[in-house]
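# Sequence and predicted model, in that order:
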Amino acid sequence: MFGIRYYKAEPTTFVVKTVNGKTTKRGKGLSFFYNAVTTSIAAVPMNAQEAPFIFNLQTSDFQAVKVQGQITFRVANPESIAEILNFNLKQDGVTYLSEDPLKLNDRVVRSAQTIVQNEVQNTKLKDAFVINTKIAQLIQQELASDVAVNAMGIEVLNTMVGRISADPETARALEAQARELILQEADDAVYGRRKSAVEQERLIKEAELQTDLSVQQKEQEIAESRVENEREILRGKAKTDAERVQASIDRETQRQSLVALQSENKKQEADTEAYAVTARMEAFKTLPVENLKAMALANMDPEQLMAMAFESLAQNAGKIGELNITPDLFGSMMKKAVKQ
């Protein structure tokens, strides 16, 4: 009635009430009665909004790629954006007078498109598939410093690049190339395993040969040590034999010296005895025979005297006529011989 209406905003909506060109109220979540004829209401949503995008771009090697992602933002300064874009409501207090609020996502996306396009155009196709995170970070950084975005009071909350893809034919070609590369890497892995196995086998053989060589060296050292020990034993034995021979030689030399000394002594004794005998014989030459016989008979035993008597009888047997010898004489002589 009379154009009086009631308006109630959401808590996340910033409202600017203007009556006859003069701002009377401003703030979030306002509610009031207004005259639709004289009042204009600008409602700027401040909640987070999501702006999905799909960019068809071209890489530095002239290959078409598709970049898909999403930008999450909100209006941080509603008064600034309300001055630039038309967020006024119709008299019904529900719908907007212009399409500016609906095109806000497009404005943010177009600003991001320029950033993504510059990055993709400087990247080759193979490298473009792995720069998702880089592009997302770059969008957020560049939009934070973009003049148009800052003028509208927009704050970028998050950016996400979900997929970077090529056209189907290029994708199949890349898949084939990647498949061949994977197969080649698999073959290289097989060859690498075989090479590693051969290398391990070689190392095992070398270790076995080294072990055999070490065993042979030890056996040779043992044999050489045994031969050296035998040589030492032979040298010791030879030295002992030489010492024994030398001792025998020394003993024989001493014996020879002893024999020579004994011979010399005997010779001297013989010479002395011969001299004494010679002197004695010279003395006997001057004595009469009867004296010599008397001296000889004086030193003889009775038996020797009897023997000489019988010898004399035998020599003069032709001169003796008859001789009687009693058995008693022979008996006494035999008894003395038995006692001796």
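Yep, it's here.

# Give me the contact list for stretch 40-53.
Applying C-beta atoms under 8 Å, 6 or more residues apart in numbering, the contact partners of stretch 40-53 are 7, 9-10, 12-18, 28, 34, 67-76, 78, 81-82, 87-89, 93, 101, 104-106, 108-109, 112-113, 157. C-beta: built from backbone N, CA, C; applies to glycine.

# The host helix or strand of Thr272 packs against which elements?
Per DSSP states H and E, Thr272 falls inside helix 168-286. Under the contact criterion of 3 or more C-beta pairs under 8 Å, 6 or more residues apart in numbering; DSSP states H and E, helix 168-286 touches helix 125-128.

# Mind listing what's buried along the helix it packs on?
Buried residues in helix 125-128, counted by 16 or more other C-beta atoms under 10 Å: 125, 128.

# what does stretch 165-183 give?
Buried positions in stretch 165-183, judged by neighbour count with 16+ other C-beta under 10 Å: Ala166.

# I'd like the mean pLDDT over that stretch, please.
Stretch 165-183 shows a mean pLDDT of 79.

# Only whichever of the contacts of stretch 40-53 are buried, select them in ChimeraX.
Only the buried entries of those go into this ChimeraX selection, using 16+ other C-beta under 10 Å:
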select :7,9,13,14,15,16,17,18,34,67,69,71,73,74,75,78,81,82,87,88,89,93,101,104,105,108,109,112,113
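
# The helix holding Thr272: how far from the chain's middle?
Distance, stretch centre to chain centre, for helix 168-286: 36 Å (C-alpha atoms, centre = their mean, to the nearest Å).

# coming back round to it: so of the contacts of stretch 40-53, which ones are in helices?
Using DSSP state H to define helices, the subset of these located there is 78, 81-82, 104-106, 108-109, 112-113.

# Relative to Ala151, which of those residues is nearest.
Of all the ones in helices among the contacts of stretch 40-53, Ala151 sits closest to Ile81, with 8.5 Å by C-beta to C-beta.

# contacting residues for the spatially closest residue to Leu30 that is not a sequence neighbour?
In space, and not counting its chain neighbours, Leu30 is closest to Val15: 4.4 Å by C-beta to C-beta, 6 or more residues apart in numbering. Contact analysis of Val15 by C-beta under 8 Å, 6+ apart lists 7, 9, 25-30, 41-44.

# can you pull the pLDDT of Thr95?
Reading off the model, Thr95 has pLDDT 90.

# And for Glu221?
Looking at Glu221, its pLDDT is 87.

# what does the one 10 residues further on give?
At Arg231, the predicted lDDT confidence score is 87.

# next one: Leu261
On pLDDT, Leu261 comes in at 82.

# Could you report the neighbour count for it?
10 (other C-beta atoms under 10 Å).

# go on, Leu203?
Leu203 sits with 10 neighbouring residues when counted by other C-beta under 10 Å.

# Kindly report the same for Thr23.
The tally of other residues near Thr23 (other C-beta under 10 Å) stands at 12.

# Tell me the strands beside the helix or strand hosting it, with direction?
For Thr23, the host element (DSSP H and E) is strand 22-28. Strand 22-28 has the following strand partners under DSSP bridges: strand 13-19 (antiparallel).

# pLDDT of the strand it pairs with, averaged?
92.

# low-scoring pLDDT stretches of this protein, where are they?
Across the chain, the ranges flagged by pLDDT under 70 are 1-2, 280, 282-340.

# returning to that earlier point: got the contact list for the strand holding Thr23?
9, 11-18, 32, 46, 79.

# How about stretch 170-183?
Defining contact as C-beta under 8 Å, 6+ apart, one finds that stretch 170-183 is touched by 63-64, 125-126, 165-166.

# try 7 Å
Contacts with stretch 170-183, where a contact means C-beta atoms under 7 Å, 6 or more residues apart in numbering, come from 63, 165-166.

# With distance to Ala186 as added columns, please give those residues in a markdown table.
As requested, the contacts of stretch 170-183 are exported to a markdown table (distance: C-beta to C-beta, whole Å):
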| residue | distance to Ala186 |
| --- | --- |
| Gln63 | 27 |
| Ser165 | 25 |
| Ala166 | 24 |
